[in-house]
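1. Make a model of this:
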Amino acid sequence: DSTGNPIDPVTSLAPLAGLTDVAVNLSISGTEIVDATGLENVAHVGGNFSFGGNTSLTSIALPALTSVGDLIVVNNAVLQTATWPTGLTQPGGFSFNDDPALVDVGTLGNVVTTVGAAGITFQNVSSLPRVDFPNLTSVNGSIIIDETAFDRVPDFPLLATAGDLHIVKSAFVDAGSFPSLTQLGAVELREDPNLATARFAGVANAPSLTILDDAVFAPTTAMFPSTTSLSTVTIAGYAGADVALLTGTTAIEAFNFGIGTSLNLPNQTTSLHGLEAVTEFGTGGFGISNAPQLTDLAALDNLVDVRAGMSIGGIGASTITLSSLTALSGALQLFGNSSLSAFVAPSLHSYGGINVAQNFALQTFITAPIDVGAQFDALIFDDTQVTALPDMSGVLDVLGAISIRGNTALADRGGLDGVVNAGDVDISFN
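-> Residues are numbered from 1 along each chain as shown. Okay, the predicted model is just below:
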């Protein structure tokens with residue numbers, strides 16, 4: 001305590017036996033209790049009801065509990081049983097996390113019918129058998145299944161709506177069956193070494209999709225066959241030869257491929273097959289990096305508009321042809337593409353800047369003349385073999401730098417004499 005005298009550990013909750021309602025949070029942490037005796041009359045907790053770091057706790061029973069904001073059971077090293085209250089059918093959420101000895105959660109799966117914004121978490125519960133949810137219809141928050149002993153994804157036969165689904169560091173071969181699911185916020189599949197298939201046949205909204213470091217995951221059919229729009233798509237450490245899992249998609253708000261993973265698995269993708277129907281990327285833009293096996297971008301030939309920037313770096317393609325692309329709301333960036341010899345976008349007349357650097361084999365760079373009065377964030381064109389820049393005579397202002405260096409074959413500066421305002425300027429033709 002404040003006087004320096006040791007505090008006797010809490011070994012019993014019996015003095016709380018009269019407690020029935022808690023307006024906000026109730027936390028049982030750092031005690032030496034062995035069970036939850038004393039909390040048997042608690043019926044309502046408005047906020048979090050948590051058990052954390054109780055080193056001697058072996059069982060939890062809360063028979064009277066009928067409502068809770070979030071029931072959190074975390075880091076209880078010897079906890080074996082957490083008997084689910086039979087009257088708690090619509091919790092705001094629940095999580096079991098870092099409870100390595102937990103083997104029994106009672107009738108949890110059968111009792112719960114809806115879950116609120118706090119969602120469902122099973123994380124680092126290495127002894128708990130799979131928990132199925134035959135009566136669950138909606139989860140407003142996330143479903144997180146992360147490093148569990150589950151033999152497969154739990155059954156959710158009636159689940160119609162869910163916030164996000166995260167399957168992480170699992171041994172699953174299949175991402176599960178969700179036969180009733182129509183609305184889903186996001187799917188994350190990460191570091192699942194055996195995962196081979198995932199399909200959400202009935203999802204009809206525009207979910208986000210994240211696939212990171214799933215060593216053998218390479219689906220050949222659409223993951224979301226009932227929708228044509230996706231929100232953010234992030235794929236890296238990917239085993240697929242193409243992105244056929246995106247087949248049928250016409251619009252993606254943001255696309256990021258090959259950018260940043262924790263396991264640094266190689267991207268084995270050689271083609272963007274699967275994106276043939278895409279005509280638009282949204283305000284999150286389009287980005288590819290660290291994909292040296294990627295040689296075929298022909299699937300982008302129907303792309304018309306990117307409502308942000310386009311960034312392509314570290315790929316193996318020799319040619320990028322974007323026949324239908326007319327506009328980028330942000331900058332066009334090409335960097336570190338060692339094999340790229342030609343970039344051809346003959347209809348591209350509107351974009352917010354150019355950053356072309358370290359494409360040492362690039363000989364051809366073709367766009368339409370830039371719109372008159374265009375304003376660039378920056379104009380960087382360094383280290384290529386091009387002989388002529390695109391017609392940029394319409395560009396009036398460059399807010400940032402103009403850098404044109406290391407282009408040993410460059411003879412035509414593309415009408416840059418019309419630029420009225422610019423930041424730093426560094427131009428050299430040899």
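
2. CA only for contacts and neighbour counts going forward, please
-> Fine.

3. Report how far apart the opening and closing residues of stretch 9-16 are.
-> Distance across stretch 9-16, first residue to last, is 16 Å (CA to CA, to the nearest Å).

4. same deal with stretch 200-218?
-> By CA to CA, the extent of stretch 200-218 from end to end equals 15 Å.

5. so residue 371 touches residue 348, yeah?
-> No: counting by CA atoms under 8 Å, residue 371 does not reach residue 348; the two are 9.6 Å apart.

6. Just give the number of residues close to residue 151.
-> For residue 151, the count of nearby residues is 12 (other CA atoms under 10 Å).

7. Repeat that for residue 18.
-> 12.

8. just residue 417 next, same as before
-> Using other CA under 10 Å, residue 417 is surrounded by 12 other residues.

9. Now do the contacts for it.
-> Counting by CA atoms under 8 Å, 6 or more residues apart in numbering, residue 417 touches residue 393.

10. quick one: contacts for the nearest residue to residue 320 once chain neighbours are set aside?
-> Of all residues not flanking residue 320 in the chain, residue 343 sits nearest, at 4.9 Å (CA to CA, 6 or more residues apart in numbering). Residues near residue 343 by CA under 8 Å, 6+ apart: 319, 320, 321, 362, 364, 365, 366.

11. Give the rounded mean pLDDT of the helix or strand where residue 343 lies.
-> When elements are assigned from DSSP states H and E, residue 343 belongs to strand 342-345. Averaging pLDDT along strand 342-345 yields 98.

12. That one pairs with which strands, and in what direction?
-> Using DSSP bridges, strand 342-345 pairs in its sheet with strand 319-321 (parallel), strand 364-367 (parallel).

13. Could you identify the helix or strand that succeeds it?
-> strand 354-357.

14. Any chance you could list what contacts that following strand?
-> Outside of strand 354-357, the residues within contact range by CA under 8 Å, 6+ apart are 331-336, 376, 378-384.

15. Quick one: classify residue 299 as helix, strand or coil.
-> On the three-state scheme (DSSP: H, G, I helix; E, B strand; the rest coil), residue 299 is labelled helix.

16. Chain neighbours aside, what residue packs nearest to it?
-> Closest to residue 299 by CA to CA, 6+ apart is residue 276, at 4.5 Å.

17. surely the one you found meets residue 322?
-> No: applying CA under 8 Å as the test, residue 276 and residue 322 come out as separate, 11.8 Å apart.

18. For those two, list the residues in contact with both.
-> Both residue 276 and residue 322 are contacted by 300, 301, 302, under the criterion CA under 8 Å, 6+ apart.

19. What is the neighbour count of residue 219?
-> 20.

20. Now do the contacts for it.
-> Residue 219 makes contacts with 196, 197, 198, 240, 244, 245, as judged by CA under 8 Å, 6+ apart.

21. ok, 10 Å please
-> With contacts defined as CA atoms under 10 Å, 6 or more residues apart in numbering, residue 219 is in contact with 195-199, 239-246.

22. May I ask which of these has the most neighbours?
-> Among these, residue 246 has the most neighbours (other CA under 10 Å), with 28 neighbours.

23. host element of the residue nearest to residue 299?
-> Assessed by DSSP H and E, residue 276 sits outside every helix and strand.

24. Distance check, it against residue 160.
-> Shown here: residue 276 relative to residue 160, a distance of 30 Å by CA to CA.

25. Repeat that for residue 252.
-> Taken as CA to CA, the spacing of residue 252 relative to residue 160 amounts to 23 Å.

26. Over to residue 176?
-> The gap separating residue 176 from residue 160 is 14 Å, by CA to CA.

27. follow-up on the earlier one: distance of the residue nearest to residue 299 from residue 302?
-> 7 Å.

28. first vs last residue of stretch 330-349, how far apart are they?
-> Per CA to CA, stretch 330-349 runs 12 Å from first to last residue.

29. now that stretch, how far from the centre of its chain.
-> Centroid separation for stretch 330-349 versus its chain: 27 Å, with CA atoms, centre = their mean, to the nearest Å.

30. Likewise for stretch 88-98?
-> Worked out by CA atoms, centre = their mean, stretch 88-98 lies 23 Å from the chain centre.

31. what bits of this structure have low per-residue confidence?
-> For the chain, applying pLDDT under 70 flags the ranges 1-7, 429-430.

32. Now do the one helix or strand residue 209 maps to: which elements does it pack against?
-> Taking DSSP H and E as the criterion, residue 209 maps to strand 208-212. Packing contacts for strand 208-212, counted by 3 or more CA pairs under 10 Å, 6 or more residues apart in numbering; DSSP states H and E, involve strand 161-168, strand 183-190, strand 229-236, strand 251-257.

33. list the helices and strands the last one packs on?
-> Here strand 251-257 touches strand 208-212, strand 229-236, strand 280-288, strand 305-306, strand 310-313, going by 3+ CA pairs under 10 Å, 6+ apart.
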